[in-house]
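Q: Output the structure for:
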Amino acid sequence: MRNIGIIAALVMISLTACSKKPSEQPFVPDPVIPSTGTLPAGHPAINSQENPMAAIPGTFQSQKGTVVSVINIPEFTYLEVSQDSQTRWIVAASVVEVKKGDTIEFDSGTTIRNFTSKTLKRTFPSISFVNHVNIVKN
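A: Here you go, the predicted model:
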């Protein structure tokens, strides 16, 4: 009998909690504080004449080099690139149709040290994974 009284009390509490109406006031976010429009000292220019590609999303390429060798696998393209008399390896996020001697532009990407490719069965001392690679037309 005592259990029935406890259950009835819980049911009543649950029903009164469910009958509450949501607030009539809509949610209003805090106001946005306007920007001062100035960049910190030493910050590179954004969307300026110095960098016209920055205004187009996904097109800004920060690095340039000459292709030394290419390894294509079904998902990616591994590229050995010469820059300033040094070579480095990059991996394009998709297959890129390039050949030895092509000049390419690419984003900085993310660099990993001592990366082992299971597909190639090879360890690279340093390799950069980049999102975009573009062939520079002469």
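Q: Which helix or strand contains Phe129?
A: In this structure, Phe129 sits in strand 122-130 according to DSSP states H and E.
Q: brain fart, Val81
A: Val81 belongs to strand 77-83, assigned by DSSP H and E.
Q: Average pLDDT for that strand, rounded please.
A: On average, the pLDDT along strand 77-83 is 95.
Q: Tell me the helix or strand right after that strand.
A: strand 86-92.
Q: That next one to strand 77-83, inter-axis angle?
A: Comparing the axes of strand 86-92 and strand 77-83 via axes from the mean of the first three to the mean of the last three CA atoms, to 10 degrees yields an angle of 150 degrees.
Q: The residue nearest to Leu120 when sequence neighbours are not counted and Leu79: what is the separation?
A: Closest residue to Leu120 apart from its sequence neighbours, by CB to CB, 6 or more residues apart in numbering: Ile71 at 6.7 Å. Every residue, glycine included, has its C-beta placed from N, CA and C. For Ile71, the distance to Leu79 (CB to CB, to the nearest Å) stands at 8 Å.
Q: So for those two, which sits in the more crowded spot?
A: For Ile71 and Leu79, the more surrounded residue by other CB atoms under 10 Å is Leu79, and the numbers stand at 27 against 15.
Q: what's near enough to touch the more buried one?
A: Neighbouring residues of Leu79 by CB atoms under 8 Å, 6 or more residues apart in numbering: 67, 69-71, 89-92, 96, 98, 104, 133.
Q: Relative to the strand holding Val81, what are the paired strands and their orientations?
A: Using DSSP bridges, the strands paired with strand 77-83 are strand 63-72 (antiparallel), strand 86-92 (antiparallel).
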